[in-house]
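Chemist: coordinates for the following, if possible.
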Amino acid sequence: MSSRQHLRIFAFLIASIFFQNSLFASEPNPTKGYDPTPEVMHHIGDAHQFHLVGDYYLPLPCITYAEGNFFFALSSDFEYDKNLHRSKKAIQGYFLYHDQLMRLVDKNGNSPAGTQNIEEPEHHAHNSHETGEKKSKDEAHEASHHAHQFKVGEVVYEMEAASALQKISSWYDFSITKNVFSMFLAMFLLILIFGIVSNAYKNRVGKAPKGIQSLLEPVIEFMKDEVIKPSVGVKWEKYFPFLMTIFFFILVSNLLGLIPFFPGSSNITGNLGVTMVLAFFTFLMTNLSGNKGYWGHIFAMPGVPKPILLILTPIEIVGIFIKPVTLFIRLFANITAGHIIILSLVSLIFVFGNLGENMAGAAAGAAVAVPFVFAMNFLELFVAFLQAFIFTLLSALYIGTAVEEHHHEGDHAHH
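Modeler: Next up, the predicted model:
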């Protein structure tokens with residue numbers, strides 16, 4: 001690689017640092033200094049808008065369903081205030097709170113109609129600025145309760161989140177968030193890329209691969225010959241499309257997350273819901289494909305005394321669910337950890353410099369952050385491939401154990 005290419009890579013990484021921090025807008029605390037935690041957690045989370053540059057954002061569609069009716073709006077319609085960390089307006093009771101869509105409901109489950117300005121109740125404002133003596137448990141609980149209340153006119157409403165696995169509420173959120181937008185982009189890129197590769201194979205029969213075809217062919221051949229065939233066994237062709245789709249979707253999603261500006265920067269596989277669904281697909285594919293031998297080993301393992309089965313069988317049943325859980329936690333944790341480390345390193349510039357108040361400190365922070373962020377970007381590039389590979393490998397192994405043919409009776413007769 002030439003020195004010019006090295007300079008280009010270094011310049012890109014330096015630019016990445018500033019792009020990754022173009023959203024860091026917290027005010028310094030005069031007593032505690034700059035706290036990067038809220039900003040870091042904000043950047044790895046999902047949002048209803050996509051940051052472009054400076055104060056410019058791409059609004060995304062907000063789509064909800066409640067009481068038999070769908071609601072449509074753009075996130076920009078709510079007039080989000082960065083200082084308040086919420087929108088100034090509620091539309092049909094919906095508003096943005098810390099970049100998450102919420103709904104205002106009263107004790108009867110009703111929401112304010114039309115477009116209304118929202119404000120915090122007086123007791124909320126009082127509690128939020130209260131200092132001095134330590135609050136009692138009851139006072140702390142009351143303050144926490146008031147933090148989820150807002151006024152529309154003279155009526156106080158409670159804030160209600162959308163329905164989720166943990167809790168079913170009065171409404172459902174189908175919005176195109178930042179992560180959903182990026183997943184659609186990943187899907188579009190995969191269709192486009194493999195459409196080109198497919199046409200190349202059809203039009204260049206018997207010829208050497210060329211262009212993007214030559215780039216992807218070694219990857220596909222490696223996954224087929226070294227991962228999927230040995231792991232799944234003789235029935236590998238049946239599961240090859242599923243496993244390669246999983247591999248390339250995770251890989252493209254990981255790579256999009258490493259791009260520090262639009263249309264990248266989304267933390268797709270660092271979202272627990274996304275990795276959970278991917279693991280659920282592997283769980284379904286494994287257990288729906290399980291043959292008699294697979295289920296026999298789980299519920300009544302051959303050659304094991306029946307008293308021992310009382311202990312072993314529950315463990316095997318629990319293992320059915322532990323496998324996909326380890327899949328989605330591993331992917332989520334590794335990708336999220338990488339993003340947090342990079343953002344934390346970059347935030348050293350603002351911690352040492354206290355958001356521009358100490359330029360010498362900022363320079364010292366940059367001296368520490370730049371080389372480490374440079375190294376972490378390369379490490380994260382490796383992790384992007386590694387995590388896609390591990391998820392696919394383990395999925396192939398799980399499927400392989402489910403479809404493997406067992407010949408215990410034949411083996412015993414032979415011996």
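Chemist: quick one: T282 and V370, what's the gap?
Modeler: 39 Å (Cβ to Cβ, to the nearest Å). Backbone N, C-alpha and C define where each C-beta goes, glycine included.
Chemist: neighbour count: these two, which is higher?
Modeler: T282 (23 against 18; other Cβ atoms under 10 Å).
Chemist: show the pLDDT at that one.
Modeler: As predicted, T282 sits at a pLDDT of 94.
Chemist: where does the stretch 251-400 of the chain dip in pLDDT?
Modeler: For the stretch 251-400 of the chain, the stretches flagged by pLDDT under 70 are 353-358, 361-362.
Chemist: again, but for the stretch 1-150 of the chain
Modeler: 1-36, 122-147.
Chemist: helices of that one, start to end?
Modeler: 3-20, 37-44, 122-128, 137-146 (DSSP state H, counting those that start in this stretch).
Chemist: where do the helices sit along the stretch 151-300 of the chain?
Modeler: So, for the stretch 151-300 of the chain - with DSSP H, counting those that start in this stretch - the helices run 178-203, 212-222, 229-232, 236-258, 272-288, 292-299.
Chemist: same list (the ones you listed) but as a markdown table, adding distance to F352.
Modeler: Shown next, in a markdown table, are these (distance: least, Cβ to Cβ, whole Å):
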| stretch | distance to F352 |
| --- | --- |
| helix 178-203 | 30 |
| helix 212-222 | 42 |
| helix 229-232 | 48 |
| helix 236-258 | 25 |
| helix 272-288 | 32 |
| helix 292-299 | 56 |
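Chemist: nearest to I340, of those helices?
Modeler: With Cβ to Cβ as the criterion, I340 lies closest to helix 236-258 of the helices of the stretch 151-300 of the chain, at 12.2 Å.
Chemist: got the buried residues for that closest one?
Modeler: 236, 239-240, 242-244, 246-258 (16 or more other Cβ atoms under 10 Å).
Chemist: can you give me the domain boundaries for this protein?
Modeler: 71-175, 179-414 (automatic domain parsing).
Chemist: quick one: the last one to chain centroid distance?
Modeler: Offset of domain 179-414 from its chain centre (Cα atoms, centre = their mean, to the nearest Å): 13 Å.
Chemist: of the helices of the stretch 151-300 of the chain, which approaches T37 most closely?
Modeler: helix 272-288 (19.0 Å).
Chemist: send me the closest one as PDB with only the CA atoms.
Modeler: Coordinates of each C-alpha in helix 272-288 appear next as PDB, following Å, rounded to 0.1, in the frame of the first residue of the first chain:
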ATOM      1  CA  LEU A 272     -31.300  -6.300  21.100                       C
ATOM      2  CA  GLY A 273     -34.600  -6.700  19.100                       C
ATOM      3  CA  VAL A 274     -32.800  -7.200  15.800                       C
ATOM      4  CA  THR A 275     -30.400  -9.800  17.100                       C
ATOM      5  CA  MET A 276     -33.200 -11.500  19.000                       C
ATOM      6  CA  VAL A 277     -35.200 -11.900  15.700                       C
ATOM      7  CA  LEU A 278     -32.200 -13.200  13.800                       C
ATOM      8  CA  ALA A 279     -31.600 -15.800  16.600                       C
ATOM      9  CA  PHE A 280     -35.300 -16.700  16.600                       C
ATOM     10  CA  PHE A 281     -35.100 -17.500  12.900                       C
ATOM     11  CA  THR A 282     -32.200 -19.900  13.700                       C
ATOM     12  CA  PHE A 283     -34.300 -21.400  16.500                       C
ATOM     13  CA  LEU A 284     -37.200 -22.000  14.200                       C
ATOM     14  CA  MET A 285     -35.000 -23.400  11.400                       C
ATOM     15  CA  THR A 286     -33.300 -25.700  13.800                       C
ATOM     16  CA  ASN A 287     -36.300 -27.100  15.700                       C
ATOM     17  CA  LEU A 288     -38.600 -27.300  12.700                       C
END
